[in-house]
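Q: Generate coordinates for the sequence data below:
(2 chains)
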Amino acid sequence: GQQLNQSPQSMFIQEGEDVSMNCTSSSIFNTWLWYKQDPGEGPVLLIALYKAGELTSNGRLTAQFGITRKDSFLNISASIPSDVGIYFCAGRPISGGSNYKLTFGKGTLLTVNP
Amino acid sequence: GAGVSQSPRYKVAKRGQDVALRCDPISGHVSLFWYQQALGQGPEFLTYFQNEAQLDKSGLPSDRFFAERPEGSVSTLKIQRTQQEDSAVYLCASSLGLISVQPQHFGDGTRLSIL
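A: All right, here's what the predicted structure looks like:
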């Protein structure tokens, strides 16, 4: 099945630092989504990307859909304590007739030290 | 409510018991999805409904898992004869229409523990 490699697995940073995480797939995706999940809650959509090369921002967050359509990255600038949580990439494959189905990475655990 | 609502939030059952998990999607959302999230992992697809039709159940782990959405709104995921490996968080998500690119909005999940 589809595989998504998300890295890094975890990050421990100081408040105010910038953060970068990325996701790569073994096949071509037509959609990339970035979610944040806090303990005991469901994933919350941060950014959605639909076109290769697309660069989209949401406040301090910026995400890009890779040109190869096999990767995406998420940057968080000037991190704050409430950025703590698990960040997941998710994507939809371009083929197979089941492009409603999201495949998730294993997540990046972000810890921000005030 | 404004978001996807799931109940119960926590469920503890003994091995062999049957359980039923409920999902109330965002009003008007046509598409509904169930995912299973093991500890330390990302969610994994279980099944997909478009209105009341179950169009894809390829992710259901075994025939002990059954999902329904009889009136095209509320959905129930049922697990029969539960096993310890069924312990996980079960997430429900919904999206507005039939277009696959529309984002999925998740509930807070049901944390299932099988003793």
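Q: Let me know the pLDDT of the closest residue to A:Phe29 other than its chain neighbours.
A: In space, not counting the residues next to it along the chain, A:Phe29 is nearest to A:Gly91; the distance is 3.8 Å by C-beta to C-beta, 6 or more residues apart in numbering or on different chains. In this view, the C-beta of every residue, glycine as well, is placed from N, C-alpha and C. Residue-level confidence at A:Gly91 comes out at 90, pLDDT.
Q: Tell me how many other residues crowd A:Gly91.
A: Under the neighbour criterion other C-beta atoms under 10 Å in any protein chain shown, A:Gly91 is assigned a count of 28.
Q: you'd agree it is up against A:Ser25?
A: Yes - here A:Gly91 lies in contact with A:Ser25, judged by C-beta atoms under 8 Å, at a distance of 6.0 Å.
Q: OK, contacts around residue 16?
A: Answering for chain A, as no chain was given. Residues near A:Gly16 by C-beta atoms under 8 Å, 6 or more residues apart in numbering or on different chains: A:Ala78, A:Ser79.
Q: switch to chain B, that's the one I care about
A: Remark: with contacts taken as C-beta under 8 Å, 6+ apart, B:Gly16 is in contact with B:Arg81, B:Thr82.
Q: Show the model's pLDDT score for it.
A: At B:Gly16, the pLDDT value in this model is 97.
Q: Against B:Gly97, how distant is it?
A: Note on B:Gly16: its distance to B:Gly97, by C-beta to C-beta, to the nearest Å, is 40 Å.
Q: before we move on, what about B:Asp24?
A: According to C-beta to C-beta, B:Asp24 stands 18 Å off from B:Gly97.
Q: which of those two has more neighbours?
A: B:Asp24 (18 against 12).
Q: out of everything not next to it in sequence, what's closest to that one?
A: Nearest non-adjacent residue to B:Asp24 (C-beta to C-beta, 6+ apart): B:Ser5, at 4.2 Å.
Q: near chain A, which residues of chain B show up?
A: Residues of chain B lying close to chain A by C-beta under 8 Å from any C-beta of the partner chain are B:4, B:6, B:31, B:33, B:35, B:40-45, B:48, B:56, B:58-59, B:91, B:93, B:100-101, B:103-109, B:111.
Q: No further queries at this time; thank you.
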